[in-house]
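In: give me coordinates for this.
(one chain, ligands or ions: 1)
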Amino acid sequence: MKEFASDPPNVLNVKAEGTHFDYIEAVMDGDYYSQGISITLKSSKENAKQNMERVVLKSDTCTISIPELAMEVPPGKGKYSTITDLLVEMQDNLQSVFSNSNQKEVQRALSKLDAILKGQSGFTLKLEDPLGNSVIQCIPQGNYGAVQGLELYNFDNAITYKTYRRTRSEAQEYDLPEDETTVIEQITGEEGINKLVELIKNSKRIVGLTGAGISVESGIPAFRNSAGDEDDPNLIWNKFDPRELVFSRIMNEEDIRAKYWDMHILLQSVIDKVQPNASHRLFKYLYDQGKLHKLITQNIDGLHQRAGVPSDMICEIHGTTHRILCYKCNREYQPSEVHQRYLDKQFKDSKVPYCDDCGPSGILKHATISFGENLDPNVMQSSFKAGSECDLMIVMGTALAVAPINQLPLEPVKNGVPLVILNLGETPLDCESNILINGKSGETCERILSMLNA
Ligand code: CNA
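Out: Residues are numbered from 1 along each chain as shown. All right, here's what the predicted structure looks like:
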């Protein structure tokens, strides 16, 4: 195994002779670093053309993404690619897969890529490699004599890099030994609750990631592992399967849209009746104490705001039911008004209401992210930024089954920052957490709040 300080990769002349880019060979020969590496290239518009000619050397363990588009860049054809080649391949893929798509985000991504490739826009490219072998070519502006490897990035104004603690999932996936210095004992149960209270007292920048599970005790059922009520015919998700109401069908089929309104009217009647519980109040407490850095939620129910956390502290990554938008002109409508119009059948020649300004081309929809709909890249970017800045992350009431937000808890793990998971069921990242509490979040938070207030 290599160490970054003593044996840095050759970032200057992009030959990297002797480095294995096939992970099986790299692992067999011990040709990988004790930590992962994350490299960010941020190019201004002025330098975009020059920066796109940089070569990227990629291990097959490496992922490359454009953070402002929240999209992954395809792996390229070989281990060496210029950034131009990677972006052209990404453009081709997007064009062929989404040629008939009316998704705004895909159109936005295509026009952004076009502008980058024409040298009319700056761009950011992020490379992340758990084996640490991948590099972006460094272009030093002078002669730096004996300076080598990673150090050279310090002389490259466009590049920032950081090495990171490899996660347990990565170590398992690539069959690597865990780094002994970073293995942390996991605390569970009662001891976990005590430790969490202590961590909250000592933390200043806490990030929360919440999911449907935290609203179950308020009375809104989750999609997964609710409370043994999976066979209950009155359960909203047994009456309506949100997976059937996928974005493309909502946009193209009036019958599906009618079902969509039926589901949302029922969901809204549930949401209107319930109250926030202690899980929501814990985040309000953290906000009042000046400890909340950001609250990222997959919930669309608005209960965090009703508990008193201001909207600008919350990233609602799956949107909110509390607004309805025209998907053509963006005009905003009150849900109660549109729901009433649907129930009163106040429209001619159609089964569903449309935008007053746009007519039948103005499809109305709640500002939630439906299955198959693209996430807002700005919201995703701020969520991941907050995740990388926190000094404690508390994940609560989520099955961590929905990508890419289920990768967010790895941000603190990579920085050696404590990760707490409080959930009724198991999650795929339980093995990464420092504190794991299996239980109901409302009940547990009630206790945590009284311990914090004691
Ligand atoms: P999910 O996939 O439904 O998982 C919920 C998780 O919560 C499961 O792992 C359960 O074990 C756990 N859980 C259930 N009850 C409790 C409890 N009392 N305390 C702690 N944990 C509990 O939900 P996710 O949020 O992970 O999935 C994301 C989907 C669900 C998003 O698209 C949401 O928009 C969507 N959703 C939102 C709501 C809401 O806004 N309240 C309700 C239902 C679904």
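
In: do you know how far residue 259 is from the ligand?
Out: Here residue 259 is placed at a distance of 17 Å from the ligand (Cβ to the nearest ligand atom, to the nearest Å). For every residue, glycine as well, the C-beta is placed using N, CA and C.

In: can you pull the contacts of the nearest residue to that residue once chain neighbours are set aside?
Out: Excluding its sequence neighbours, the residue lying closest to residue 259 (Cβ to Cβ, 6 or more residues apart in numbering) is residue 245, at 6.5 Å. Counting by Cβ atoms under 8 Å, 6 or more residues apart in numbering, residue 245 touches 256, 259-260, 263, 370-371.

In: now, those residues that are in helices?
Out: 256, 259-260, 263 (DSSP state H).

In: most neighbours among those residues, which one?
Out: Greatest neighbour count in the ones in helices among the contacts of residue 245, by other Cβ atoms under 10 Å, goes to residue 260: 23 neighbours.

In: what's the local residue count around residue 396?
Out: 24.

In: next one: residue 74
Out: Residue 74, neighbours per other Cβ under 10 Å, totals 15.

In: again with the one 3 residues further on
Out: Applying the criterion other Cβ under 10 Å, we find 10 residues in the vicinity of residue 77.

In: sec struct for it, please.
Out: Judged by DSSP: H, G, I helix; E, B strand; the rest coil, the three-state class of residue 77 is coil.

In: ok now do it, which residues does it touch?
Out: 85, 89.

In: apply 10 Å and report the result again.
Out: 85-86, 89 (Cβ atoms under 10 Å, 6 or more residues apart in numbering).

In: helices - which of those land there?
Out: Filtering the contacts of residue 77 for helices - DSSP H - leaves 85-86, 89.

In: where does the stretch 101-250 of the chain dip in pLDDT?
Out: Low-confidence segments of the stretch 101-250 of the chain, defined by pLDDT under 70: 101-103, 140-148, 178-184, 224-234.

In: would you map the helices across it?
Out: Taking DSSP state H, counting those that start in this stretch to define them, one finds helices in the stretch 101-250 of the chain at 104-117, 149-153, 168-173, 189-202, 236-239, 247-252.

In: what is the burial count for the residue in the stretch 351-454 of the chain that the ligand sits nearest to?
Out: Distances between the stretch 351-454 of the chain and the ligand by Cβ to the nearest ligand atom are smallest at residue 425, namely 2.9 Å. Counted by other Cβ under 10 Å, the residues lying close to residue 425 total 14.

In: which residues of this structure lie near the ligand?
Out: 211-213, 215-217, 220, 222-226, 298-301, 318, 397-399, 401-402, 423-425, 440-442 (Cβ under 6 Å from any ligand atom).

In: out of the contacts of residue 245, what pair is the most spread apart?
Out: Among the contacts of residue 245, the pair separated by the greatest distance (Cβ to Cβ) is 259 and 371, at 13.4 Å.

In: show me the common contact partners of the two, please.
Out: 241, 244-245, 249-250.

In: quick one, what contacts the spatially most central residue of the chain?
Out: Nearest residue to the geometric centre of the chain (Cα atoms, centre = their mean): residue 405, 2.9 Å. Neighbouring residues of residue 405 by Cβ under 10 Å, 6+ apart: 209, 211, 296-298, 315, 317-318, 375, 379-380, 383-384, 387, 398.

In: and for residue 136?
Out: Listed by Cβ under 10 Å, 6+ apart, the contact partners of residue 136 are 11, 14, 39-41, 51, 54-58, 64, 83, 125-127, 153, 156, 158-159, 161.

In: and those residues, which of them are buried?
Out: Among the contacts of residue 136, those scoring as buried are 11, 39-41, 51, 54, 56-58, 64, 83, 125-127, 153, 156, 158-159, 161 (criterion: 16 or more other Cβ atoms under 10 Å).

In: can you pull out the strands in the stretch 351-454 of the chain?
Out: Here the stretch 351-454 of the chain has its strands, by DSSP state E, counting those that start in this stretch, at 354-355, 359-368, 392-396, 419-423, 435-438.

In: to residue 166, which of those lies closest?
Out: Evaluated with Cβ to Cβ, the strands of the stretch 351-454 of the chain place strand 419-423 nearest to residue 166, the distance being 14.5 Å.

In: distance from the closest one to the middle of the chain?
Out: The chain centre lies 17 Å from the centre of strand 419-423; the measure is Cα atoms, centre = their mean, to the nearest Å.

In: now do stretch 72-81
Out: Centroid displacement of stretch 72-81 relative to its chain, using Cα atoms, centre = their mean, is 22 Å.

In: start to end distance for it?
Out: 15 Å (Cα to Cα, to the nearest Å).

In: buried sites along that stretch?
Out: Buried residues in stretch 72-81, counted by 16+ other Cβ under 10 Å: 73, 76, 79-81.

In: do the same with stretch 265-277
Out: Buried positions in stretch 265-277, judged by neighbour count with 16+ other Cβ under 10 Å: 267-268, 271, 276-277.

In: again, but for stretch 286-297
Out: Quick answer for stretch 286-297 (16+ other Cβ under 10 Å): 286-287, 291-297.

In: restrict that stretch to CA atoms and write it as PDB.
Out: Output of stretch 286-297 as PDB, limited to C-alpha atoms (Å, rounded to 0.1, in the frame of the first residue of the first chain):
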ATOM      1  CA  LEU A 286     -30.700  22.500  17.400                       C
ATOM      2  CA  TYR A 287     -31.600  25.500  15.300                       C
ATOM      3  CA  ASP A 288     -32.500  27.500  18.400                       C
ATOM      4  CA  GLN A 289     -29.100  26.600  19.900                       C
ATOM      5  CA  GLY A 290     -27.300  27.800  16.800                       C
ATOM      6  CA  LYS A 291     -26.000  24.300  16.200                       C
ATOM      7  CA  LEU A 292     -28.000  23.500  13.000                       C
ATOM      8  CA  HIS A 293     -25.800  23.900   9.900                       C
ATOM      9  CA  LYS A 294     -28.400  22.500   7.400                       C
ATOM     10  CA  LEU A 295     -31.400  20.200   7.500                       C
ATOM     11  CA  ILE A 296     -31.700  18.000   4.400                       C
ATOM     12  CA  THR A 297     -35.000  16.200   4.100                       C
END
